[in-house]
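# attaching a predicted model along with its sequence, questions to come.
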Amino acid sequence: MRILCIDYGDRRIGVAVCDELGLTAQGLATIVRKDMKSDLDAIGAYIDEYHIEEIVVGYPVMLDGTEGVQCEKVNRFVRTLQSRFSLSVSTWDESLSTKEAERILIEANMSRKKRKQVVDKLAAVIILQGYLDYRGSVKNGE
């Protein structure tokens with residue numbers, strides 16, 4: 001079963017997908033946001049290409065556990081995805097995923113300009129890998 005992960009932001013959307021066994025996450029793209037129709041068309045193309053059966057969207061809970069304005073935006077986006085694609089759409093805590101992605105890219109000596117182009121895609125990979133690892137541990141009774 002292939003899962004698509006979305007790191008939803010105001011300017012960009014990071015996209016990642018898992019392998020067919022649901023073990024590893026790979027980055028696909030960073031979609032530069034235009035309008036909702038264009039954004040959904042781009043996501044739909046990945047859903048079709050990779051035969052996606054589930055979507056996971058990063059959920060930006062604050063460090064103190066509360067939900068802020070960004071959570072409201074993500075909740076609206078999740079409802080839009082559900083109605084447009086008729087797939088299971090769930091959220092997964094994305095706390096510090098972008099910070100972790102930034103740290104990895106800085107350690108790789110990537111320039112600020114290049115980091116900006118890939119950080120959202122890498123954040124989606126980090127979110128999806130966390131989700132996959134959790135699912136694997138639940139399946140194994142850990």
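Noted; the coordinates are in hand.
# show me where this protein has strands.
Assigned by DSSP state E, the strands in the chain fall at 2-8, 12-18, 25-32, 52-59, 88-93.
# using a markdown table, lay out these together with mean pLDDT and distance to residue 118.
Yep, even glycine has a C-beta here, placed from its N, CA and C like the rest. Output for these, formatted as a markdown table (pLDDT from 0 to 100; distance: least, Cβ to Cβ, whole Å):
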| stretch | mean pLDDT | distance to residue 118 |
| --- | --- | --- |
| strand 2-8 | 96 | 12 |
| strand 12-18 | 96 | 9 |
| strand 25-32 | 95 | 6 |
| strand 52-59 | 96 | 16 |
| strand 88-93 | 93 | 20 |
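# now the angle from the lowest-mean-pLDDT helix or strand in the chain to strand 12-18?
The weakest-scoring helix or strand in the chain, judged by mean pLDDT, DSSP states H and E, is helix 97-107 (a mean of 74). Here the directions of helix 97-107 and strand 12-18 differ by 90 degrees (axes from the mean of the first three to the mean of the last three Cα atoms, to 10 degrees).
# cheers, nothing more for now.
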